[in-house]
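>>> Have a look at this prediction, sequence included:
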Amino acid sequence: MAEKNFDIVVIGGGPGGYIAAIRAAQLKQTVACVERDRLGGVCLNWGCIPTKALLKNAEYMNFLNHAADFGFMVSDVKVDMPKVIKRSRDVAEKMSKGVEFLFKKNKIAKFSGGGFIPKNGIVEVKSADGKTTDTLTARSIIIATGARARMIPGIEVDGKKILTSKEAMIVEKAPSSIIIIGAGAIGVEFAYFFRAFGSQVTVIEMMADILPIEDADVSKELSRNFRKQGIETLTETKVRSAKATAEGVEIVVEDKNGGVKTLKADLALNAVGVQGNVENLGLEQLGITVEKSFIKVDKFQQTNVKGIYAIGDVNGPPWLAHVASAEGVVAAEHCAGHETLGMDYTNIPGCTYCQPQVASVGLTERKARERGSELKIGKFPFTANGKANGIGETAGFVKLIFDAKDGELLGAHIIGSEATEMIGELAMARSLEATAETIYKTVHAHPTFSEAVRGAAEDAYGMALDI
Ligand SMILES: Cc1cc2nc3c(=O)[nH]c(=O)nc-3n(C[C@H](O)[C@H](O)[C@H](O)COP(=O)(O)OP(=O)(O)OC[C@H]3O[C@@H](n4cnc5c(N)ncnc54)[C@H](O)[C@@H]3O)c2cc1C
């Protein structure tokens, strides 16, 4: 079998790997990508994209349930769940094909199989039965193998009654009840989805709030809103065990006072987090440092072994597609000898696509206070926003946190119907080290949700005009 020689070989074709491959090709590198499944990775096939398709269906379902508010008399709405799922799968399929097209356009060689690194500079492509089908040489190797659902002892995931997000995404019908373990973005999005289709939903979270990494005000607002939607949230509650029974599932939980009870439902979803795909890559022989299933890297995404990089979910949090892609660009540029400043993790937007949506960038109020700086904080509720009233989406607010010393925007937190589309402005504001004055002196179009951004900046300085 002849060796095939490349400047860069990428293992894994998700949003980390495929973006790294394309950026490297733009920089005139010869590039190969080894993918054992489908191009696009979890994000396009089993994550970001298919879930957003499903969540659109959930929004329509909720709209139909409240259509009378808009003067539409809709009755006897029937749901064709297989069609709902098919739409989501079709969207995923289309997006994955889009990556194939981009690979052809950028002359990236794709190899199907598992990537294994027998020694630095070599990648073997292995078929499912472990046979080497190709041997590639590479000046640099980028590992972009992603992550999978984390399993914890006591939660017996069987893929039928106790599911991961992958099985939850293709259910044949909405269960009459579901318990969701973990109230991070994935757990909360599925809670909204299943509730919209009529399931009785209980979310269990070990921390004090749902979406625990968000600003506490936002988490509390989402909890309140979920309660109104009929979603039960049990916080400061640990799952001791979860097992499938003949009727459904039994989950034993313990509250903060040590009280233990057993919850029953048709299905459960394990959404407690992820673990890195670090197995069968040859990392041990290479001496690559792995901590708690994630590969350690420097700010250029290089591992402790020169010439081998690791990007995306496999190198640890934040586990987000746009972070994987940004790291892919940095790694590709570093491999190619192109100038790069390395990754800056202080300005990464995070979004959750339930309704109301949640989006944030920068510091939470608690983190900003821990820094010791004096703060100016402004809030603007969507109940006072014209567009939100016009379209009947008045839940939530914009909260902005500024450094009182120089007015710099430290953190931005939005909960509301358009939050995930609004956060870009504030990520840009932080990149440019914008102050409250820059934000409130920027004329925002009327009527738009984004006027609430201006309103929150004004409010921080006691100048709010509309509240
Ligand atoms: C349900 C769900 C919803 C999500 N929603 C969002 C969202 O809205 N926004 C967001 O930013 N993030 C979201 N995420 C997270 C996002 O999907 C990940 O952060 C992102 O996919 C990470 O990209 P990656 O390239 O590092 O890894 P992946 O996308 O996991 O891709 C890794 C690829 O490597 C391949 N691979 C693994 N091992 C090997 C090997 N040895 N050889 C060859 N190929 C290999 C895999 O088959 C896979 O295709 C969501 C995740 C889930 C599960």
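Ah, there it is.
>>> can you give me the helices in the chain?
In the chain, the segments counted as helices under DSSP state H are 17-26, 41-46, 48-65, 81-105, 165-168, 185-196, 216-229, 283-286, 321-335, 365-370, 386-390, 419-431, 436-441, 451-460.
>>> which one of those lies closest to residue 11?
When those are compared for distance to residue 11 using CB to CB, the nearest one is helix 17-26, at 7.1 Å. Where C-beta positions appear, they are placed from N, C-alpha and C, glycine not excepted.
>>> quick one: stretch 166-174 to chain centroid distance?
Chain-centre distance of stretch 166-174: 19 Å, with CA atoms, centre = their mean, to the nearest Å.
>>> do stretch 141-154 as well
Counting by CA atoms, centre = their mean, stretch 141-154 is centred 14 Å from the centre of its parent chain.
>>> Stretch 341-351 now?
Computed by CA atoms, centre = their mean, the chain-centroid distance of stretch 341-351 equals 14 Å.
>>> Repeat that for stretch 148-161.
Centroid separation for stretch 148-161 versus its chain: 20 Å, with CA atoms, centre = their mean.
>>> Equivalent analysis for stretch 428-447, please.
26 Å.
>>> and it, how far apart are its ends?
The first and last residues of stretch 428-447 sit 21 Å apart, counting by CA to CA, to the nearest Å.
>>> now stretch 356-374
Chord length of stretch 356-374, first to last residue, is 30 Å (CA to CA).
>>> For the stretch 151-300 of the chain, which residues are neighbours of the ligand?
By the rule CB under 6 Å from any ligand atom, the part of the stretch 151-300 of the chain lying against the ligand is 165, 186, 277, 280, 281.
>>> Just name the closest of the residues you listed to the ligand, please.
Nearest to the ligand among those is residue 165, at 3.7 Å by CB to the nearest ligand atom.
>>> how about the nearest residue to the closest one, chain neighbours excluded?
residue 186 (5.5 Å; CB to CB, 6 or more residues apart in numbering).
>>> count of residues packed around that neighbour?
When counting by other CB atoms under 10 Å, one arrives at 24 neighbours for residue 186.
>>> Show me which of the residues of the stretch 151-300 of the chain next to the ligand are buried.
165, 186, 277, 281 (16 or more other CB atoms under 10 Å).
>>> so can I have a markdown table of those showing distance to residue 9?
As requested, those are arranged in a markdown table below (distance: CB to CB, whole Å):
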| residue | distance to residue 9 |
| --- | --- |
| 165 | 29 |
| 186 | 31 |
| 277 | 17 |
| 281 | 12 |
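>>> Point me to the residue of the stretch 51-200 of the chain nearest the ligand.
Closest approach between the stretch 51-200 of the chain and the ligand, counting by CB to the nearest ligand atom: residue 146, at 2.1 Å.
>>> Pull the number of nearby residues for that residue.
Neighbours of residue 146 (other CB under 10 Å): 25.
>>> Give me the neighbour count for residue 260.
Neighbour tally, residue 260, other CB under 10 Å: 10.
>>> same check, this time on residue 89
Residue 89 has 14 nearby residues by other CB under 10 Å.
>>> Ok, the one 10 residues further on next?
Other residues near residue 99 come to 25 when the count uses other CB under 10 Å.
>>> low-scoring stretches of the protein, by residue?
For the chain, the stretches with pLDDT under 70 are 1-3.
>>> ok, back up a step: which pair of the buried ones among the residues of the stretch 151-300 of the chain next to the ligand spans the longest distance?
Going by CB to CB, the pair spanning those furthest: 186 and 281, at 25.1 Å.
>>> about what we covered before: so what's the closest residue to the residue of the stretch 51-200 of the chain closest to the ligand other than its chain neighbours up against?
Excluding the flanking residues, the one nearest residue 146 by CB to CB, 6+ apart is residue 313, at 4.6 Å. Residues near residue 313 by CB atoms under 8 Å, 6 or more residues apart in numbering: 14, 16, 42, 146, 147, 274, 276, 277, 319, 324.
>>> now swap in residue 7 and tell me
Residue 7 is in contact with 24, 29, 30, 31, 138, 139, 140, 335, 336, counting by CB under 8 Å, 6+ apart.
>>> Chain neighbours aside, what residue packs nearest to it?
Using CB to CB, 6+ apart, the nearest residue to residue 7 is residue 29, at 4.0 Å.
>>> ok, now which ones touch the one you found?
Contact analysis of residue 29 by CB under 8 Å, 6+ apart lists 6, 7, 8, 332, 335, 336.
>>> Are any of these buried, and if so which?
By 16+ other CB under 10 Å, those give 6, 7, 8, 332, 335, 336 as buried.
>>> Identify the residues contacting residue 241.
154, 155, 156, 251, 252.
>>> What is the neighbour count of the residue of the stretch 301-450 of the chain found nearest the ligand?
Relative to the ligand, the nearest point of the stretch 301-450 of the chain is residue 312 (2.1 Å; CB to the nearest ligand atom). By other CB under 10 Å, the residues close to residue 312 number 35.
>>> do you know how far it is from residue 43?
9 Å (CB to CB, to the nearest Å).
>>> what does residue 85 give?
Taken as CB to CB, the span from residue 85 to residue 43 is 18 Å.
>>> Identify the residues contacting the closest residue to residue 265 other than its chain neighbours.
The shortest distance from residue 265 to any non-neighbouring residue, by CB to CB, 6+ apart, is to residue 177 (4.0 Å). Applying CB under 8 Å, 6+ apart to residue 177 gives the contacts 199, 200, 201, 202, 248, 264, 265, 266, 267.
>>> Can you find which strand in the chain contains the most residues?
Looking across the chain with DSSP state E, the single longest strand is strand 132-143.
>>> quick one on the thing from earlier: now flag whichever of the residues of the stretch 151-300 of the chain next to the ligand is closest to residue 102.
residue 277 (22.7 Å).
>>> What about residue 463, how many residues nearby?
Neighbours of residue 463 under the rule other CB under 10 Å: 12.
>>> I'd like to know how far the nearest residue to it once chain neighbours are set aside sits from residue 117.
Nearest non-adjacent residue to residue 463, counting by CB to CB, 6+ apart: residue 440, 7.0 Å away. Plainly put, residue 440 is 53 Å away from residue 117 if you go by CB to CB.
>>> got it, and residue 453?
According to CB to CB, residue 453 stands 47 Å off from residue 117.
>>> ditto for residue 123
Distance, residue 123 to residue 117, by CB to CB: 6 Å.
>>> Which of those two has more residues huddled nearby?
More neighbours surround residue 123 than the other of residue 123 and residue 117, with 26 against 22 (other CB under 10 Å).
>>> who are the neighbours in contact with the more buried one?
Counting by CB under 8 Å, 6+ apart, residue 123 touches 9, 11, 32, 34, 115, 116, 117, 135, 136, 137, 138, 141.
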